[in-house]
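**Q** Following is a predicted model, sequence given first.
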Amino acid sequence: MPARPLLDATLQLIDAVRAALAERLGAQDVVDERTLFGCHAFMVNGKLCLGVKGEALLVRLPPAQHASVAEQPGVRELDARGGMPGYFWIDPAGYATQAQWQHWLDAALAYNPLARATPRRRRPSLPPSSSGRGPG
């Protein structure tokens, strides 16, 4: 079954994030777009930085600031159980003004160089056959 088409508001938000990253990042920075956590994610230099799901903006911020960020209006934790410190959904009311929008983008981009990259999962390799002759 094909994926459902994205809503116009989602596409507009993805384009806005894409344009903001192009404006703020240098030529040496690498931006990769992929699907993570059920959202359109923007990886900056190999690390999750921002994302879009519906009309919500995903931001990755310093885990040490988790409690204070979680208390702000229009902000929801990615994992309500607290298993993903530093990851937040920002509802449209939380990025409605130009100042709010810039705050979230700048905060996520400021943290990105300090964030840990999650290594890609590798499939386990098969052990060599005991006979040394290979499969068969």
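**A** Now that the structure is in, tell me what you want to look at. What you are looking at is a predicted structure, and each value in this text was computed from that prediction instead of being measured.

**Q** how far does stretch 100-107 sit from the chain's center?
**A** Remark: stretch 100-107 is offset 14 Å from the chain centroid, using C-alpha atoms, centre = their mean, to the nearest Å.

**Q** That stretch: which residues count as buried?
**A** Of the residues in stretch 100-107, 100, 101, 103, 104, 105, 107 count as buried by neighbour count, 16 or more other C-beta atoms under 10 Å. (C-beta placed from N, C-alpha, C; glycine too.)

**Q** And the top helix by length along the chain, what's buried?
**A** Taking DSSP state H as the criterion, the chain has its longest helix at helix 8-24. Under the neighbour-count criterion of 16+ other C-beta under 10 Å, helix 8-24 has 10, 13, 14, 17, 18, 20, 21 buried.

**Q** Against residue 96, how distant is the second one?
**A** To tie it back to what came earlier, the one meant is residue 13. 12 Å (C-beta to C-beta, to the nearest Å).

**Q** same question, the last one
**A** In this structure, residue 21 and residue 96 are separated by 20 Å, where distance is defined by C-beta to C-beta.

**Q** so residue 53 touches residue 87, yeah?
**A** No: the pair residue 53 / residue 87 is not scored as a contact, 11.9 Å apart, by C-beta atoms under 8 Å.

**Q** got the buried residues of stretch 100-107 as CSV, with distance to residue 65 columns?
**A** As requested, the buried residues of stretch 100-107 are arranged in CSV below (distance: C-beta to C-beta, whole Å):
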residue, distance to residue 65
100, 16
101, 19
103, 13
104, 13
105, 16
107, 9
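
**Q** now, which of those lie within helices?
**A** Using DSSP H, the buried residues of stretch 100-107 in helices are 100, 101, 103, 104, 105, 107.

**Q** ok, these vs residue 28, which is closest?
**A** Nearest to residue 28 among those is residue 105, at 18.7 Å by C-beta to C-beta.

**Q** where do the strands sit along this structure?
**A** For the chain, the strands defined by DSSP state E cover 31-36, 39-44, 47-53, 56-60, 75-77, 87-90.
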